[in-house]
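1. Kindly generate the corresponding structure for this input.
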Amino acid sequence: MKTLKNHLILFDAECPLCTFYTRGFVNLGLLEKEGRLSYQEFQDAACPVFDRQRAVNEIALVNQETGEVTYGIKSLFKVFGTAVPLLKPLFEFGPFVWLMSKCYAFISYNRRVIVPGNPIQNDVLQPGFSLKYRILYLVTTCLITAAILSVYAKLMNGLLPHGPAYREYLVCGGQIIFQAVVVGFVNKNRRWDYLGNMMTISFIGAMLLLPGFLIDILFNMKPIFYVGWFLCTAGVMLLLHVKRSKLLHIGLTMTITWMLYRLIVLALIFLL
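-> Have a look, this model is predicted:
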């Protein structure tokens with residue numbers, strides 16, 4: 001693979017995800033050792049055409065020889081296109097560029113709720129907020145989580161009452177609506193940040209359930225085992241919820257109502 005020389009990629013120092021993958025570029029030799037810098041440290045005078053606000057939302061790649069700046073998915077295409085020239089035609093194919101730009105925006109505008117970063121620095125520009133991408137994130141994680149839970153519920157057959165195929169979708173969707181109302185009273189300014197973090201926790205929980213399917217294929221354990229696995233996963237989710245609520249400075253109220261909703265739903269499942 002070839003190294004993209006004389007280029008500087010500017011990442012968000014408050015975003016662990018951005019820090020991780022740009023460091024990976026350097027470690028893999030895609031960029032030079034001095035080829036990455038946080039945009040918080042970058043001096044505008046070093047590149048007069050640099051758009052700092054755009055770089056906050058779309059990772060910037062600065063050509064240190066010409067001063068040219070590319071943003072977002074095009075920055076990543078330039079890095080990978082140099083490393084693997086055979087990919088360049090794909091990176092210049094219009095429909096693929098459009099699709100990848102939407103995927104990039106989906107992750108970029110939700111990156112702070114996917115992986116929480118360091119405490120916000122009030123004197124530094126923060127990522128812009130996109131309502132459509134946040135709603136899309138909530139819907140996507142809700143559907144994936146509900147789909148996994150629907151299948152996993154079958155492993156607890158006999159211990160968890162059988163329900164309609166849409167039950168888990170209603171539960172997940174209802175949680176979003178319920179918590180959206182509550183957080184409006186607790187701290188409405190944090191509504192979308194909280195909901196994004198909450199659904200990330202739900203998604204993580206769903207991922208933690210996946211090994212249960214492999215265990216079922218290999219060992220075909222009794223339903224009580226999968227109930228125990230589910231409860232352990234719920235415990236991890238609870239800890240994550242407490243931690244993320246602390247980062248958002250919204251106290252324990254949202255964690256209490258999050259648990260309350262789930263207990264009410266569980267009671268209804270057994271009673272109805």
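2. quick one: contacts for F230?
-> By CB atoms under 8 Å, 6 or more residues apart in numbering, F230 lies in contact with Y152, M156, L209, G212. Any C-beta I mention is one placed from the backbone N, CA and C, and that applies to glycine too.
3. Spatially, which two of these are the most separated?
-> Distances among these were taken as CB to CB; the most separated pair is M156 and L209, at 10.8 Å.
4. related to what we said a few turns ago, which members of the contacts of F230 are positioned in strands?
-> Among those, no member falls in strands (DSSP state E).
5. Going by distance to Y104, which of these wins?
-> Out of those, the member with the shortest distance to Y104 (by CB to CB) is L209, at 28.3 Å.
6. now that we're looking at the residue most central in space within the chain, how far away is Q53 from it?
-> Closest to where the C-alpha atoms of the chain average out (CA atoms, centre = their mean) is I114, at 2.6 Å. I114 is 21 Å from Q53, where distance means CB to CB, to the nearest Å.
7. Next: G212.
-> Taking CB to CB as the measure, G212 falls 45 Å from Q53.
8. of these two, who's got more company?
-> With neighbours defined as other CB atoms under 10 Å, G212 and Q53 compare such that G212 has more, 20 against 11.
9. what sits against that one?
-> Per CB under 8 Å, 6+ apart, neighbours of G212: Y152, L155, Y226, W229, F230.
10. repeat that with 7 Å
-> Listed by CB atoms under 7 Å, 6 or more residues apart in numbering, the contact set of G212 reads Y152, L155, Y226, W229.
11. Just send those residues back as JSON lines, with pLDDT and distance to S245 too.
-> As requested, these are arranged in JSON lines below (pLDDT from 0 to 100; distance: CB to CB, whole Å):
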{"residue": "Y152", "pLDDT": "97", "distance to S245": "26"}
{"residue": "L155", "pLDDT": "96", "distance to S245": "30"}
{"residue": "Y226", "pLDDT": "97", "distance to S245": "28"}
{"residue": "W229", "pLDDT": "98", "distance to S245": "25"}
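12. coming back round to it: distance to A83 for the contacts of F230 - can I get that in JSON lines?
-> What follows is those, written out as JSON lines (distance: CB to CB, whole Å):
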{"residue": "Y152", "distance to A83": "39"}
{"residue": "M156", "distance to A83": "47"}
{"residue": "L209", "distance to A83": "36"}
{"residue": "G212", "distance to A83": "38"}
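13. In helices, which of the residues you listed fall?
-> Counting by DSSP state H, the contacts of F230 place Y152, L209, G212 in helices.
14. I appreciate the help and will end here.
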